[in-house]
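Chemist: Dropping the sequence and predicted coords here.
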Amino acid sequence: MDTNWKRKLSSRKFWVAVGAWVTSMLNAYNIGDNVIARVTIIVSGIGALAVYILAEAYTDGKHSEGGGDGDS
């Protein structure tokens, strides 16, 4: 069974699940609320960046297939 990591990493649902899991683990170990908030923000930021990068790569790939002039 091959996992399509590019598709997974570009999924907002995946990043919500990662954030929920990390938050749950931090709560289970009684980590402070400030730390939980900061970690959740970091995970959300990484997810948003991954989705943006992969979406841009997909768009650029499709654009180059069509023989465009390179402007987005």
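Modeler: Received it, and whenever you're ready, just let me know what you need.
Chemist: from here on, contacts and neighbour counts on C-alpha atoms
Modeler: Fine.
Chemist: Run a quick neighbour tally on residue 33.
Modeler: 12 (other CA atoms under 10 Å).
Chemist: same check, this time on residue 2
Modeler: 4.
Chemist: For the helix or strand encompassing residue 24, give me every contacting residue.
Modeler: For residue 24, the element it lies in under DSSP states H and E is helix 12-28. Residues outside helix 12-28 that contact it (CA atoms under 8 Å, 6 or more residues apart in numbering): 8, 9, 36, 39, 40, 43, 44, 47, 51.
Chemist: Can you add secondary structure and pLDDT and give these back as JSON lines?
Modeler: Putting the contacts of helix 12-28 into JSON lines (DSSP: H, G, I helix; E, B strand; the rest coil; pLDDT from 0 to 100) gives the following:
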{"residue": "8", "secondary structure": "helix", "pLDDT": "84"}
{"residue": "9", "secondary structure": "helix", "pLDDT": "83"}
{"residue": "36", "secondary structure": "helix", "pLDDT": "93"}
{"residue": "39", "secondary structure": "helix", "pLDDT": "93"}
{"residue": "40", "secondary structure": "helix", "pLDDT": "90"}
{"residue": "43", "secondary structure": "helix", "pLDDT": "91"}
{"residue": "44", "secondary structure": "helix", "pLDDT": "91"}
{"residue": "47", "secondary structure": "helix", "pLDDT": "90"}
{"residue": "51", "secondary structure": "helix", "pLDDT": "89"}
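Chemist: Ranking by neighbours, what's the top pick from these?
Modeler: residue 47 (22 neighbours).
Chemist: would a markdown table of the contacts of helix 12-28 with distance to residue 22 be doable?
Modeler: A markdown table is the format used below for these (distance: CA to CA, whole Å):
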| residue | distance to residue 22 |
| --- | --- |
| 8 | 17 |
| 9 | 16 |
| 36 | 9 |
| 39 | 8 |
| 40 | 8 |
| 43 | 9 |
| 44 | 11 |
| 47 | 13 |
| 51 | 19 |
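Chemist: Alright, I will stop here.
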